[in-house]
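Enquirer: Compute the structure for the input listed below.
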Amino acid sequence: MNENDGQRDATRIDLTASKSVDDLDIRLEPIDASTVIQGLPQAGLMELLTYAEPVEVGVWEMSAGGCRDVEADEFLVVIAGSAVVTVNDGQPQLLKPGDMMRFRRGDRTTWTVKERIRKIYVTPAA
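Expert: Presented below is the predicted three-dimensional model:
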């Protein structure tokens, strides 16, 4: 992060259920005038998750069908397709592009994919 990226928002959100990135309320602040080349841009960010150790970032994809899994500690953002995921026998949740979610290590999930799904994930490196 550099000085032009805006201020960190100390508010964390609960990602144990899916949330849309469109619903994030990120406070924008003016960018340092000495770096602006056009207009009056503002920037801001919201830190969603931090890990103490190195992380792995990747893209995961699954075709139509269903499966069960035991999850790693993971943060994800769906970038294409859709699926219904149930975590630890809780309420089924629809995941679609723009949705983000967090799994905790050991969460037992059931995935039902109607349309090929693709997600970006962040997890502690092995």
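Enquirer: Buried residues in the longest strand belonging to the chain, which are they?
Expert: Longest strand of the chain, by residue count under DSSP state E: strand 108-124. The neighbour-count check on strand 108-124 (16 or more other C-beta atoms under 10 Å) flags 109-111, 113, 117, 119, 121-123 as buried. Just so you know, the C-beta spots here come from the backbone N, C-alpha and C atoms, and that holds for glycine as well.
Enquirer: and those residues, which two are the farthest apart?
Expert: Largest separation among these by C-beta to C-beta: Thr110 and Val122, giving 22.1 Å.
Enquirer: Name the residue most distant from the centre of this structure?
Expert: Ser34 (32.4 Å; C-alpha atoms, centre = their mean).
Enquirer: where does this protein dip in pLDDT?
Expert: 1-13 (pLDDT under 70).
Enquirer: can you map out the strands along it?
Expert: Counting by DSSP E, the strands of the chain are 8-9, 19-20, 29-30, 42-43, 45-46, 55-62, 65-70, 74-87, 93-95, 99-103, 108-124.
Enquirer: Mean neighbour count, those: which tops it?
Expert: Ranked by mean neighbour count under mean count of other C-beta atoms under 10 Å, the strands of the chain are led by strand 99-103, which reaches a mean of 21.
Enquirer: That one pairs with which strands, and in what direction?
Expert: Counting by DSSP bridges, the strands paired with strand 99-103 are strand 19-20 (antiparallel), strand 74-87 (antiparallel).
Enquirer: Report the distance from the last one to the chain centre.
Expert: For strand 74-87, the separation from the chain centroid amounts to 9 Å (computed by C-alpha atoms, centre = their mean, to the nearest Å).
Enquirer: Would you quantify the distance from the residue nearest to Glu56 when sequence neighbours are not counted to Leu48?
Expert: Nearest residue to Glu56 in three dimensions, chain neighbours excluded: Ala125, at 4.6 Å (C-beta to C-beta, 6 or more residues apart in numbering). For Ala125, the distance to Leu48 equals 18 Å [C-beta to C-beta, to the nearest Å].
Enquirer: Can you list the neighbours in contact with stretch 66-83?
Expert: Outside stretch 66-83, the residues that touch it by C-beta atoms under 8 Å, 6 or more residues apart in numbering are 15, 21, 48-49, 59-60, 62, 94-124.
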